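Peer 1: What shape does this take:
(one chain, ligands or ions: 2)
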Amino acid sequence: MDKLKIEGGHPLHGNIKVSGAKNSAVALIPATILADSPTVIEGLPEISDVLTLKELLEEIGGKVAIHEGEMHVNPEGMVAMPIPNGRVKKLRASYYMMGAMLGRFKKAVIGLPGGCHLGPRPIDQHIKGFEALGAKVTNEQGAIYLRADELKGARIYLDVVSVGATINIMLAAVRAKGQTIIENAAKEPEIIDVATLLVNMGAKIKGAGTNVIRIDGVEELHGTRHTIIPDRIEAGTYMILGAAAGGGVTVENVIPLHMESLIAKLREMGVPIEVDDEDIHIGKTDKLRAVDIKTLVYPGFPTDLQQPMTTLLTKAEGTATITDTIYSARFKHTDELRRMNANIKTEGRSAFVYGPTNLQGDRVKASDLRAGAALVIAGIMAEGITEVTGLEHIDRGYSDLIDKLTGLGAVVWREKMTEEELEQVKNS
Ligand SMILES: CC(=O)N[C@H]1[C@@H](OP(=O)(O)OP(=O)(O)OC[C@H]2O[C@@H](n3ccc(=O)[nH]c3=O)[C@H](O)[C@@H]2O)O[C@H](CO)[C@@H](O)[C@@H]1O
Ligand SMILES: C=C(OP(=O)(O)O)C(=O)O
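Peer 2: Ligands and ions are numbered 1, 2, ... in the order given. Here you go, the predicted structure:
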């Protein structure tokens with residue numbers, strides 16, 4: 001196992017290019033199961049979630065190759081094999097195998113999904129949707145069994161706005177008989193990306209990106225070629241990094257419309273920002289103002305950027321209140337930031353950051369993916385050396401992290417952990 005070492009205090013400048021979106025990729029890859037002929041997905045990020053999903057497709061008989069950021073999936077040999085816990089536990093998005101397999105085979109057996117520990121992550125709305133389409137869903141010894149004689153379109157109202165449930169129901173409904181209407185659907189850009197792939201495969205979907213999605217089921221889908229959208233959370237992470245340690249950072253390969261809530265908050269803090277067609281330039285700032293953040297469903301402020309933003313707010317003048325309305329327990333990063341000299345209190349679903357403070361390098365542990373991003377930014381801002389463990393979380397979502405950061409002038413490298421350190425991590 002590796003740890004990340006960061007020598008803080010070096011100002012960053014230059015250009016950094018965003019990769020394809022993790023939260024699209026993890027749904028697009030299972031979606032390839034629904035076609036009867038090969039699909040190519042272009043612009044994939046080099047992250048462990050993509051590799052785990054490749055293995056899951058192979059487990060059910062798919063032929064999958066990745067070459068220069070392109071994934072070629074031949075679904076012809078796929079069968080409705082049960083997928084036990086092992087790999088499924090490594091990521092949350094393995095739940096998209098449920099919708100995709102149900103859509104193609106009308107049955108699936110899948111272990112319960114894993115992913116970041118952010119407090120409770122129920123999948124009741126996914127199951128409600130599958131049942132409305134005619135599937136019988138049971139939970140037997142830690143695995144979900146889904147079976148349907150046939151899937152029939154239905155009107156499904158989501159009790160909570162959920163990205164995962166919206167996509168999963170869409171995956172199952174595209175090959176159901178008749179029309180499905182998803183009401184109170186999530187509107188995230190990743191949903192539009194998945195719908196675009198499905199439509200290019202021959203599906204009939206209207207309204208993706210609004211809160212009502214209409215799907216007219218079709219008998220079969222064919223393979224296609226699809227380019228994934230840029231990762232708005234990776235882009236946001238580097239914009240925040242630019243504001244934290246930048247002497248002028250340009251984030252390339254961005255869809256600026258996806259970044260509006262973050263751009264507004266950074267400007268409110270006093271960060272100079274210039275927006276071009278596909279690039280966002282973060283100017284140099286010496287003084288930042290504290291702002292309040294409330295995470296909301298898209299187009300509100302994304303929960304996935306709440307943790308990196310907490311780090312930036314340690315540098316801002318005044319008190320910032322951060323409220324996570326999506327994941328109430330997404331605050332494990334604050335314990336680690338406190339070790340680095342941040343002044344943060346948490347209460348219920350809010351954190352209060354009292355700034356400015358100068359962060360000091362320390363040994364810290366990433367408890368989840370975006371906590372990892374928050375700690376990497378903290379290490380770059382801090383005085384001295386920071387060591388970050390828990391890299392398996394960061395590797396799930398940040399493509400070429402070290403090369404990208406070094407390209408901006410950061411001093412960051414990976415080192416093997418000693419036996420003693422491994423023992424400490426095991427016991428912590
Ligand atoms: C793989 C993927 O795309 N993950 C993203 C997805 O996660 P995830 O799919 O877990 O998030 P959802 O959008 O589905 O969930 C949003 C909220 O609804 C709740 N809920 C969800 C489903 C359900 O059946 N019942 C229920 O109560 C959740 O607990 C959460 O409070 O959206 C989150 C919110 O943007 C992001 O942090 C994750 O990065
Ligand atoms: C929480 C995240 O991922 P996942 O839902 O895959 O755990 C994330 O991308 O921030």
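
Peer 1: domains of the protein?
Peer 2: 2-19+230-427, 22-227 (automatic domain parsing).

Peer 1: For ligand 1, what's its nearest residue on the stretch 101-250 of the chain.
Peer 2: Here the stretch 101-250 of the chain gets closest to ligand 1 at one residue, Gly164, 2.7 Å apart by Cβ to the nearest ligand atom. Where you see a C-beta, it was placed from the backbone N, CA and C, and this is true even at glycine.

Peer 1: now for the helix or strand hosting that residue, which elements pack on it?
Peer 2: In this assignment (DSSP states H and E), Gly164 forms part of helix 163-173. Secondary-structure packing of helix 163-173 (3 or more Cβ pairs under 8 Å, 6 or more residues apart in numbering; DSSP states H and E): helix 22-31, helix 96-105, helix 124-132, strand 179-183, helix 189-200, strand 212-216.

Peer 1: still on that earlier bit, make CSV from the domains of the chain and add mean pLDDT to it.
Peer 2: Listed next are those as CSV, based on pLDDT from 0 to 100:
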stretch, mean pLDDT
domain 2-19+230-427, 96
domain 22-227, 96
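
Peer 1: could you dump the ones you listed to a markdown table with mean neighbour count?
Peer 2: Converted to a markdown table, the domains of the chain look like this (neighbours: other Cβ atoms under 10 Å):
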| stretch | mean neighbour count |
| --- | --- |
| domain 2-19+230-427 | 20 |
| domain 22-227 | 20 |
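
Peer 1: Can you lay out the ones you listed as JSON lines showing distance to ligand 2?
Peer 2: Shown next, in JSON lines, are the domains of the chain (distance: least, Cβ to the nearest ligand atom, whole Å):
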{"stretch": "domain 2-19+230-427", "distance to ligand 2": "4"}
{"stretch": "domain 22-227", "distance to ligand 2": "3"}
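
Peer 1: This protein against ligand 1: which residues are in contact?
Peer 2: Residues of the chain lying close to ligand 1 by Cβ under 6 Å from any ligand atom are 23, 26, 92-93, 120-126, 160, 162-165, 186, 303-304, 326-327.

Peer 1: Swap in 5 Å and give it another go.
Peer 2: With Cβ under 5 Å from any ligand atom as the criterion, the chain meets ligand 1 at residues 23, 92-93, 121-125, 160, 162-165, 303-304, 326.

Peer 1: How about Thr295: what's its closest non-neighbour residue?
Peer 2: Thr303 (4.1 Å; Cβ to Cβ, 6 or more residues apart in numbering).

Peer 1: how far out from the middle of the chain is the strand or helix carrying Ala264?
Peer 2: Taking DSSP H and E as the definition, Ala264 sits inside helix 260-269. Relative to the chain's own centre, helix 260-269 is displaced by 20 Å; criterion: Cα atoms, centre = their mean, to the nearest Å.

Peer 1: which outside residues touch that helix?
Peer 2: 236, 239-240, 243, 256, 273, 275, 280, 282, 288-291, 293, 299-302, 305, 309, 312, 316 (Cβ atoms under 8 Å, 6 or more residues apart in numbering).

Peer 1: Just the CA trace of that helix, in CSV.
Peer 2: Output of helix 260-269 as CSV, limited to C-alpha atoms (Å, rounded to 0.1, in the frame of the first residue of the first chain):
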residue,chain,number,x,y,z
GLU,A,260,-22.2,27.6,-12.0
SER,A,261,-22.9,27.0,-8.3
LEU,A,262,-19.1,26.7,-7.6
ILE,A,263,-18.2,29.7,-9.7
ALA,A,264,-20.8,31.8,-7.8
LYS,A,265,-19.5,30.7,-4.4
LEU,A,266,-15.8,31.2,-5.3
ARG,A,267,-16.6,34.7,-6.6
GLU,A,268,-18.5,35.5,-3.4
MET,A,269,-15.3,34.5,-1.6
